[in-house]
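# Provide a 3D model corresponding to the input given below.
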Amino acid sequence: MLEAYSENVAVTEGQQITFQIVKGNNRVVTGSNGNSTLYLNAPGNYIVSFDLTATATDAGNIACQMLINGVADSRTAIMQTVGAGETGNISFTVPVTYKSCCCRGGGTALTFGYTGSAGTINIAHATIWRVV
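Residues are numbered from 1 along each chain as shown. Here you go, the predicted structure:
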């Protein structure tokens, strides 16, 4: 299991969310403090849970989407419409399968792109469990 968070970060649309690692960070699931990528390093089934609370500068959307090896995962495109200065909460939980380690140093890279209106991430939290 890996648990990571980001807090009190100004964001604009298209920005990757960077994380601080709380716990886990073993050979199976890894990440680095201040980095936006979390890695699945061993074949298997994983559960990825993500939640975000953010405040919009202007009226618009609080939104995020997870990318797997740089490709947007449509199951994770989440959004909440808010007014100027309002706070929104979004979350998702999805299964992710990493099928094989075909090359040395290979793995599945997970990133979380903020796709909403400019504002501040109050808290973002990602947890990854390997289930099989």
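
# list phi and psi for the nearest residue to G24 once chain neighbours are set aside.
Residue nearest to G24 in three dimensions, not counting chain neighbours: L2, with 3.3 Å by C-beta to C-beta, 6 or more residues apart in numbering. C-beta here means a position set from N, CA and C on the backbone, and glycine is covered the same way. L2 adopts backbone torsions of phi -130, psi 140, taken as degrees, to the nearest 10.

# and for L2, the neighbour number?
When neighbours are defined as other C-beta atoms under 10 Å, L2 has 25 of them.

# who's in contact with it?
I21, K23, G24, N25, N26, V29, T30, G31, L38, A126, T127, I128 (C-beta atoms under 8 Å, 6 or more residues apart in numbering).

# nearest to S117, of those residues?
Lowest distance from S117 to the contacts of L2 (C-beta to C-beta) belongs to A126, with 21.3 Å.

# neighbours around N69, how many?
Neighbours of N69 (other C-beta under 10 Å): 10.

# gap between the nearest residue to it once chain neighbours are set aside and T12?
Spatial nearest neighbour of N69, excluding adjacent residues (C-beta to C-beta, 6+ apart): A109 at 5.3 Å. A109 sits 22 Å away from T12, taking C-beta to C-beta, to the nearest Å as the criterion.

# more neighbours: these two, which one.
The neighbour comparison of A109 against T12 (other C-beta under 10 Å) goes to A109, with 14 against 11.

# where does the more buried one fall, secondary structure wise?
Assessed by DSSP states H and E, A109 sits inside strand 108-114.

# so what touches that strand?
For strand 108-114, the external contacting residues (C-beta under 8 Å, 6+ apart) are 11-17, 36-40, 48, 50, 54, 63-70, 72, 96, 98, 121, 124, 126, 128.
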